[in-house]
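1. Attaching a predicted model along with its sequence, questions to come.
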Amino acid sequence: MDGAGNTIINQNPRRGTSGLRRCLGTLAVLGVAAPVALAAMAGPADAAQPAFGHVATIYLPGAAGDVYAQAVAVDSDTNRIYAANSLGNDIVVIDGKTDKIVANIKGVKGPEDVAVDQATDTIYTANIGPAIRPGSVSVVSGVTHKLTATIKVGQYPQGIAVNPATGTVYVANLGNGTPSSGSVSVINGATSTVTGKIAIKVPLFVAANPVTNTVYISAFGHQGVVAVDGATDKITATIPRRKIVESVAVDQATDQVYTAYPWMGKIDGKTNTWLGSLPFPVNINPQSVAVDAATGRVYGADGPSGAVSVVNG
């Protein structure tokens, strides 16, 4: 425990560049200059808000240089947390009750994001493709931890989410980085086939609320978070942000949307209004966020540190 009585599991001193720098590095490869990107998000500072209650910090296993806590997802039914290690090409499975690592899923290459369908106990990862080639989605059984399918999607997939009520999987494809590029692939989870595409400008990450059938997409080209009707695939609202929002997650129990980087923040899903920014604890800047609707816990993945932080939302 630390001085405040918080649990620190598998403590490792690894630290590195922030999630934002990694995101901007990807955009730079695609031809988008970092100063321009930051300037586009300039605006008045957010009002200070109290921090969440820190519960635990879990470090992914592996040697320095082989670990990058790229993304995190939660299965509220099984109380399992899945952390994508993009450098180790694997998914680390964490027991949400004990905050202990219980398994390691191999066979995924360069996972950028991870999602889970609680209805079918299926895990999905968005995998970035080499150079300008299309990326892919790996489909993994949550029971056997075996790869069951691979689905080709768009260029540079960054984020993935699933609506367990409809069995629909959404993949945010960054595209080539130009202002009009990018899309969100729509996949039928039952058949593992792409059934449609939503035109979103430079999307980064995506989340779905199965109760309202609303899809939330952090979109660089829209300078904020875009809300999409899952029934029509049409944009219904845009919540502007002055900072780049790397990740989004939905608490379906409260209809609140959480965002990551450089601060944890909240959006009211009923009104699509920004509720404020909340600094994440223990000097960790999560670039990916997931919410356990059953426990109210929020999980943040902190990239190069190899850490998954757990807080009470």
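-> Yes, it's here. Fair warning: this is a prediction, and the values are worked out from it, not measured in the lab. Numbering: from 1, shown residues only.
2. and the next element down the chain from the strand or helix carrying Ile217?
-> Applying DSSP states H and E as the criterion places Ile217 in strand 214-219. Elements were assigned by DSSP H and E; along the chain past strand 214-219, the next helix or strand is strand 224-229.
3. Adjacent strands (with direction) for that next one?
-> Sheet pairing of strand 224-229 (DSSP bridges) gives strand 214-219 (antiparallel), strand 234-240 (antiparallel).
4. mind listing what's buried in stretch 70-88?
-> Within stretch 70-88, the residues that count as buried by 16 or more other Cβ atoms under 10 Å are 70-76, 79-88. All C-beta spots, glycine's among them, are computed from the backbone N, C-alpha and C.
5. quick one on the thing from earlier: for Gly306, find the nearest of the strands paired with strand 224-229.
-> Closest to Gly306 of these, according to Cβ to Cβ: strand 214-219, at 22.9 Å.
6. So which residues make contact with the closest one?
-> Outside strand 214-219, the residues that touch it by Cβ atoms under 8 Å, 6 or more residues apart in numbering are 159, 161, 163, 170, 172, 182, 184, 198, 200-209, 224-230, 236, 244-248, 250, 257, 259, 267, 269.
7. returning to what we had before: turn the strands paired with strand 224-229 into CSV, including mean neighbour count and distance to Thr150.
-> Rendered in CSV, the data for those read as follows (neighbours: other Cβ atoms under 10 Å; distance: least, Cβ to Cβ, whole Å):
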stretch, mean neighbour count, distance to Thr150
strand 214-219, 27, 23
strand 234-240, 15, 29
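8. I'd like to know which of the contacts of strand 214-219 are buried.
-> Among these, those scoring as buried are 159, 161, 163, 170, 172, 182, 184, 198, 200-209, 224-228, 230, 244-248, 250, 257, 259, 267, 269 (criterion: 16+ other Cβ under 10 Å).
9. what bits of the stretch 101-250 of the chain have low per-residue confidence?
-> Low-confidence segments of the stretch 101-250 of the chain, defined by pLDDT under 70, are located at 129-133, 242-246.
10. What segments of it are strands?
-> With strands called from DSSP state E, counting those that start in this stretch, the stretch 101-250 of the chain shows them at 111-117, 122-127, 134-141, 147-155, 157-163, 168-173, 183-188, 193-198, 203-209, 214-219, 224-229, 234-240, 247-251.
11. hang on, the earlier thing: turn the strands paired with strand 224-229 into TSV, columns for distance to Val289.
-> What follows is the strands paired with strand 224-229, written out as TSV (distance: least, Cβ to Cβ, whole Å):
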stretch	distance to Val289
strand 214-219	10
strand 234-240	15
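12. Which one of these lies nearest to Arg297?
-> Among the strands paired with strand 224-229, if distance is taken as Cβ to Cβ, the winner is strand 214-219, at 19.3 Å.
13. so how far is that closest one off the chain centroid?
-> The chain centroid and the centroid of strand 214-219 are separated by 11 Å under Cα atoms, centre = their mean, to the nearest Å.
14. same thing with stretch 186-206?
-> The chain centroid and the centroid of stretch 186-206 are separated by 15 Å under Cα atoms, centre = their mean.
15. Between the strands paired with strand 224-229, which one is closest to Asn188.
-> With distances scored as Cβ to Cβ, the stretch of the strands paired with strand 224-229 nearest to Asn188 is strand 214-219 (15.1 Å).
16. quick revisit: for the strands paired with strand 224-229, which one sits closest to Val298?
-> For these, distance to Val298 was read as Cβ to Cβ. The smallest value, 15.2 Å, belongs to strand 214-219.
17. Now do the closest one against strand 203-209: the angle between them, please.
-> The directions of strand 214-219 and strand 203-209 differ by 160 degrees, with axes from the mean of the first three to the mean of the last three Cα atoms, to 10 degrees as the criterion.
18. what's the angle from strand 214-219 to strand 183-188?
-> Between strand 214-219 and strand 183-188, the angle comes out at 150 degrees (the same axes, to 10 degrees).
19. Make 3 the first number, not 1, from now on.
-> That works, and once the first residue is 3, the last one we named lands at strand 216-221.
20. list the contacts for Leu277?
-> If you count contacts by Cβ under 8 Å, 6+ apart, Leu277 has them with Gln258, Gly267, Lys268, Ile269, Asp270.
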